[in-house]
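# Just need the structure, nothing else, for what follows:
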Amino acid sequence: METIIAPPQGWFPPHCPNPSCRYHTPLAEGWRYKRAGYFSRQHPPHRIQRYQCRACHRCFSTQTFSTTYWQTLPGLDARIFMRLVGGMANRQIARDLGVSPKTIDDRIARLGRHCMLFHGKQMQNAPPVKELVVDGFETFELSQYYPFHINLGVEKHTDFIVYFTDSELRRKGRMTDYQKRRRDQLEGEFGRPDPRAIQKGMRELLEVSLKGTSGAIVHSDDHPSYPPAIRRVPCRITHRVTSSKVRRTRSNPLWEVNLADLLIRHSESNHKRETIAWSKRRQAALERLFPFLLWRNYIKRRREKVRGSPTPAMTRGMTTDVGRIDDILAARIFRDHVDLPPRWSQYYQRSIETRALGPHRYHNLKYAY
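Numbers count the residues shown, from 1 in each chain. The predicted structure is shown next:
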């Protein structure tokens, strides 16, 4: 599977790629540019057209607007995408594609940012959510002494994953005396997670998911952190609680989010039970989740055994056909053109740090993404 790496016939630059230019807005009126020759490269298309903005004099090319910008192996992202949602770990993907594990790590981070922007752009003109099912998917980073929740919001009756946040947790449950001492030692050295992290994460999840809605219905289990979060949301919410002990069948009111949890366990190697592929950093775990979100919402049909079953995005009326990876990776999306929620802005900047690990690499590139 290869992505489209050449622009279609008749393509022209939609805007200046320089964030500081007044013509950085898409299809800005009065923008003028000129052709500035070509450059050659090893991969097709071998001849790349260059341009220059007449306003800021920034030079750029057709590749500046491509998802393969500054990539030495164009076409690799689509192959990584399907292996990510197919349950393969990073090193397995590297062995399968014949590249280094570092290449896969960097590509997944970049792919996660692109998928984040793609979903954010799709949600800009999407209909508001009226009924939401929420839950916390529990996993861990680095070791089981560092658990965290992925707070999921799934629209009821469509299976559409609207938004997610993360919340650090303190290790709980049955522990030996040694494990308790070890937990206290680590907390003394690296600090203790915010005890209200779930409440804060759920509040942002609800505020973003229910944006533009005056009233909504929220389904959840009986977690004690959810009611305080719901009370702080500036929206009239009817909260319907279902015990977490109720069987998780299709008749369960929380079926949509329970199914999303199952698919994450099934499709993401770092979240499987008793895995050796767990994420070492929470930032990497979240970046891995964005391709899954796009696959679930825009590519995967809701029912595997029902012929012609629509995708969640089709059920919402956001798309008219099953999505393709080539369509998702067809064009670069600029960060300045998508209004990301606060938490996702942190994910984009790679500012989520793992307490017990050393230097953290942030995403501070000005022209790349």
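# Okay, and residue 153 sits in which element?
Using DSSP states H and E, residue 153 falls within strand 147-155.
# Ramachandran coordinates for the residue at minimal distance from the centre of the chain?
Residue closest to the mean C-alpha point of the chain, counted by Cα atoms, centre = their mean, is residue 290 at 2.5 Å. Main-chain dihedrals, residue 290, degrees, to the nearest 10: phi -70, psi -40.
# mind checking which helix or strand the residue nearest to it when sequence neighbours are not counted is in?
Sequence neighbours aside, residue 115 is the residue nearest to residue 290 in space, at 3.8 Å (criterion: Cβ to Cβ, 6 or more residues apart in numbering). All C-beta spots, glycine's among them, are computed from the backbone N, C-alpha and C. In the assignment (DSSP H and E), residue 115 maps to helix 101-123.
# C-alpha coordinates for that helix, PDB please?
Coordinates of the C-alpha atoms in helix 101-123 are reproduced here as PDB (Å, rounded to 0.1, in the frame of the first residue of the first chain):
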ATOM      1  CA  PRO A 101      13.000   0.800  15.400                       C
ATOM      2  CA  LYS A 102      14.000   4.500  15.700                       C
ATOM      3  CA  THR A 103      12.400   5.100  12.300                       C
ATOM      4  CA  ILE A 104       9.200   3.500  13.400                       C
ATOM      5  CA  ASP A 105       9.100   5.400  16.700                       C
ATOM      6  CA  ASP A 106       9.500   8.700  14.900                       C
ATOM      7  CA  ARG A 107       7.000   7.900  12.200                       C
ATOM      8  CA  ILE A 108       4.400   6.800  14.700                       C
ATOM      9  CA  ALA A 109       4.800  10.100  16.600                       C
ATOM     10  CA  ARG A 110       4.400  12.100  13.400                       C
ATOM     11  CA  LEU A 111       1.500   9.900  12.200                       C
ATOM     12  CA  GLY A 112      -0.200  10.400  15.500                       C
ATOM     13  CA  ARG A 113       0.100  14.200  15.100                       C
ATOM     14  CA  HIS A 114      -1.400  14.000  11.600                       C
ATOM     15  CA  CYS A 115      -4.300  11.800  12.700                       C
ATOM     16  CA  MET A 116      -4.900  14.200  15.600                       C
ATOM     17  CA  LEU A 117      -5.200  17.200  13.200                       C
ATOM     18  CA  PHE A 118      -7.300  15.200  10.800                       C
ATOM     19  CA  HIS A 119      -9.900  14.300  13.400                       C
ATOM     20  CA  GLY A 120      -9.800  17.900  14.800                       C
ATOM     21  CA  LYS A 121     -10.500  19.200  11.300                       C
ATOM     22  CA  GLN A 122     -13.400  16.800  10.700                       C
ATOM     23  CA  MET A 123     -15.000  17.800  14.100                       C
END
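# tell me what that helix is packed against?
helix 76-84, helix 90-97, helix 282-294, helix 342-349 (3 or more Cβ pairs under 8 Å, 6 or more residues apart in numbering; DSSP states H and E).
# want to throw these into a markdown table with distance to residue 236?
Listed next are the helices and strands packed on helix 101-123 as a markdown table, based on distance: least, Cβ to Cβ, whole Å:
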| stretch | distance to residue 236 |
| --- | --- |
| helix 76-84 | 38 |
| helix 90-97 | 44 |
| helix 282-294 | 28 |
| helix 342-349 | 23 |
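# Over to the closest residue to residue 252 other than its chain neighbours. Which of the three states is it?
For residue 252, ignoring the flanking residues on the chain, the nearest one in space by Cβ to Cβ, 6+ apart is residue 246 at 5.7 Å. Under the three-state scheme (DSSP: H, G, I helix; E, B strand; the rest coil), residue 246 adopts coil.
# Determine the number of other residues adjacent to residue 246.
Counted by other Cβ atoms under 10 Å, the residues lying close to residue 246 total 12.
# My read is that it contacts residue 255, right?
No - counting by Cβ atoms under 8 Å, residue 246 sits too far from residue 255 to count as a contact (10.5 Å).
# Help me confirm that residue 323 comes into contact with residue 311.
Yes - applying Cβ under 8 Å as the test, residue 323 and residue 311 come out as touching, 6.7 Å apart.
# okay, those two: which has more neighbours?
residue 311 (23 against 19).
# Buried residues in stretch 326-346, which are they?
Neighbour-count burial for stretch 326-346 flags 327-329, 332-335, 338, 340-341, 343-344, 346 (criterion: 16 or more other Cβ atoms under 10 Å).
# can you give me how far it is from the chain middle?
10 Å (Cα atoms, centre = their mean, to the nearest Å).
# Stretch 198-209 too?
Using Cα atoms, centre = their mean, the offset of stretch 198-209 from its chain centre is 16 Å.
# So for it, mean pLDDT?
The average of the pLDDT scores along stretch 198-209 is 97.
# Show residues contacting it.
For stretch 198-209, the external contacting residues (Cβ atoms under 8 Å, 6 or more residues apart in numbering) are 129, 132, 134, 136, 149, 151-153, 162-167, 169, 194, 218, 223, 225-226, 228-230, 232-235, 237, 341-343.
# again with stretch 140-151
134-139, 164-172, 182-183, 186, 197-198, 201-202, 205, 264, 278-282, 285-286, 289, 354-357.
# Just those: which are in helices?
Among the contacts of stretch 140-151, DSSP state H puts 182-183, 186, 197-198, 201-202, 205, 264, 282, 285-286, 289 in helices.
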